[in-house]
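following is a predicted model, sequence given first.
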Amino acid sequence: MVSPVQMPRSRSLSHRSNREIPLSRRRLSILIVAAKWWPLSARLAMAMAEHGCDVTALCPAGHPLTFVSTVRATFTYSGLRPLRSLQTCILTVRPDIIVPCDDGVVAQIHTLYRNEPSLRPLIEHSLGAPESHRTLDSRYELLQIAARIGIATPTTHLISSSQDILAWHQHSDSAVLKIDGECGGNGVRICGSPAESVAAWRNLKESNSVAVAIKRLVIERDPLALWSRGQHAARQICVQSLIRGRPANTMVACLRGQVIAFVSVVVLVADGPTGAATVVRTADNEQMARAARLLVQELKLTGFYGLDFMLDGTGRALLIELNPRCTQLGHLVFPGHESLAGAFSAAWQGQLPLAPDPGVHGKSIAFFPQALASATSAVSKSQEIAAYCDAPTDEPKLLQELIRAPWPQRRWLSRLYHLARPPIKPRQVAFDDSGNATLVGGEQITVSLGASHSCPVADPPPPQALQQTRAG
């Protein structure tokens with residue numbers, strides 16, 4: 001049984017005029033903004049601070065970012081007035097760059113750009129050309145532009161009625177429905193019949209009721225729950241062809257429409273059929289790299305972005321969506337290469353990247369703590385996955401916090417709620433080199449923190465139909 005702990009308080013910030021001092025004479029000021037309880041924001045903050053940046057954070061109370069010793073100060077993201085929280089934090093900190101860590105934060109930044117002219121230079125400085133905002137907010141529009149500039153994409157249509165779904169199924173037995181504004185696979189439904197697709201479409205339309213929004217705010221401690229509900233009517237739903245193959249992901253660091261550095265991986269194990277990757281392997285795929293360069297240049301992007309692909313049986317890499325924020329790959333250091341966080345920091349400060357540490361050992365990475373959170377196995381008893389565990393051993397408090405359940409799940413109100421409604425844990429999905437997907441049971445991963453490890457395996461059930469899985 002896990003006993004509750006007292007959470008650290010957010011530290012106060014004094015007003016500083018960062019931008020009044022030339023960047024060459026001071027540290028690059030970074031504001032990291034996170035609403036989701038993902039560890040990727042804390043890992044990125046560590047990497048940015050390690051490369052000489054002055055890092056401040058806006059996040060919910062008890063978030064992993066509050067356990068990073070090199071984060072200079074934190075603001076608390078209000079669940080009742082989140083947009084005001086973001087605006088106040090920006091005006092107080094006056095950062096050089098804002099780094100959003102989930103899609104809802106990006107939507108809020110785009111809203112501030114429209115509503116607050118004084119913040120427009122900073123937002124353009126942080127995210128790139130404002131003309132890209134509408135495209136980044138729409139999965140459908142993004143894929144239309146990608147196809148126009150020569151990037152392979154699955155067939156994608158907008159859905160506005162059940163008749164559109166029935167028309168789709170006249171030519172396809174399966175469908176992947178997606179709604180804008182969600183991340184981590186939450187807004188994705190994979191369907192195998194017209195009736196299932198219509199039901200999924202109605203579910204997505206009604207997924208942000210008042211009751212659901214209150215539950216997200218009170219139980220899940222999502223500071224954007226109520227605000228996002230107000231934006232729900234404008235969100236589009238699209239249907240996409242189901243691609244059978246292996247999921248893959250590229251994360252890029254870019255500046256004014258030019259790629260500074262990128263990392264590509266293929267997914268070995270994922271947290272459920274539409275969830276994020278938990279174990280990945282580095283990949284050298286020119287199609288993925290080309291797609292990243294073309295989109296960054298076309299949209300004139302700045303910052304961190306994640307591109308999700310499916311690698312089909314013919315070897316094609318099909319872009320299925322773009323995440324307009326950092327993903328799990330930004331802090332990783334690979335042999336002979338700097339991390340994306342380090343390359344981005346150096347580019348902004350006009351410096352050469354630091355000589356990289358040895359970093360990741362081998363080609364496979366087990367994300368900490370996601371790979372430990374649920375049972376994981378390989379595809380057959382004769383296989384093992386030797387993977388580097390990216391545990392934050394330099395931050396003991398963060399390490400201990402990530403081993404535990406997220407803070408919202410440890411609160412008494414959440415415990416009472418889940419006694420009445422036990423959460424459904426997603427089954428792990430493993431992918432082999434042929435792109436076959438298998439739902440797996442198996443044993444817990446056993447790892448040696450900060451080093452390579454072998455994942456014990458178990459006999460899997462029969463292979464299931466492959467479902468598109470997010471790597472971000």
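Alright, I've got the coordinates.

elements contacting the helix or strand hosting I365?
Assigned by DSSP states H and E, I365 belongs to strand 364-366. On a contact count with 3 or more CB pairs under 8 Å, 6 or more residues apart in numbering; DSSP states H and E, strand 364-366 meets strand 277-282, strand 385-389. Heads up, the C-betas are built off the backbone N, CA and C, glycines and all.

next SSE after that strand?
Counting by DSSP H and E, what follows strand 364-366 is helix 370-373.

now for that next one, which elements pack on it?
Using 3+ CB pairs under 8 Å, 6+ apart, the elements in contact with helix 370-373 are strand 277-282.

partners of the strand it packs on, with directions?
strand 258-270 (antiparallel), strand 364-366 (antiparallel) (DSSP bridges).

where among those is the average confidence lowest?
Among the strands paired with strand 277-282, strand 364-366 carries the lowest mean pLDDT, at a mean of 88.

quick one: that strand to chain centroid distance?
Between the centre of strand 364-366 and the centre of its chain there are 17 Å (CA atoms, centre = their mean, to the nearest Å).

next one: stretch 229-247
With CA atoms, centre = their mean, you get 15 Å for stretch 229-247.

then that stretch to PDB, C-alphas only?
Taking C-alpha atoms only, stretch 229-247 is exported to PDB below (Å, rounded to 0.1, in the frame of the first residue of the first chain):
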ATOM      1  CA  ARG A 229     -15.000  21.500 -23.000                       C
ATOM      2  CA  GLY A 230     -15.700  25.100 -24.200                       C
ATOM      3  CA  GLN A 231     -13.600  24.400 -27.300                       C
ATOM      4  CA  HIS A 232     -15.200  21.000 -28.000                       C
ATOM      5  CA  ALA A 233     -17.800  22.300 -30.500                       C
ATOM      6  CA  ALA A 234     -15.100  23.500 -32.900                       C
ATOM      7  CA  ARG A 235     -13.200  20.200 -32.900                       C
ATOM      8  CA  GLN A 236     -13.300  18.200 -36.100                       C
ATOM      9  CA  ILE A 237     -13.700  14.400 -36.400                       C
ATOM     10  CA  CYS A 238     -12.100  12.600 -39.300                       C
ATOM     11  CA  VAL A 239     -12.000   9.000 -40.500                       C
ATOM     12  CA  GLN A 240      -8.800   7.400 -41.700                       C
ATOM     13  CA  SER A 241      -7.800   4.200 -43.400                       C
ATOM     14  CA  LEU A 242      -6.400   1.500 -41.100                       C
ATOM     15  CA  ILE A 243      -2.800   0.800 -42.000                       C
ATOM     16  CA  ARG A 244      -1.500  -2.600 -41.300                       C
ATOM     17  CA  GLY A 245       2.200  -2.500 -40.300                       C
ATOM     18  CA  ARG A 246       4.500  -1.200 -37.600                       C
ATOM     19  CA  PRO A 247       4.000   2.200 -35.900                       C
END
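
need the contact partners of stretch 27-34.
For stretch 27-34, the external contacting residues (CB atoms under 8 Å, 6 or more residues apart in numbering) are 18, 41, 44-45, 48, 52-59, 63, 65, 71, 77, 86, 89-90, 93-102, 105, 109, 345, 348-349.
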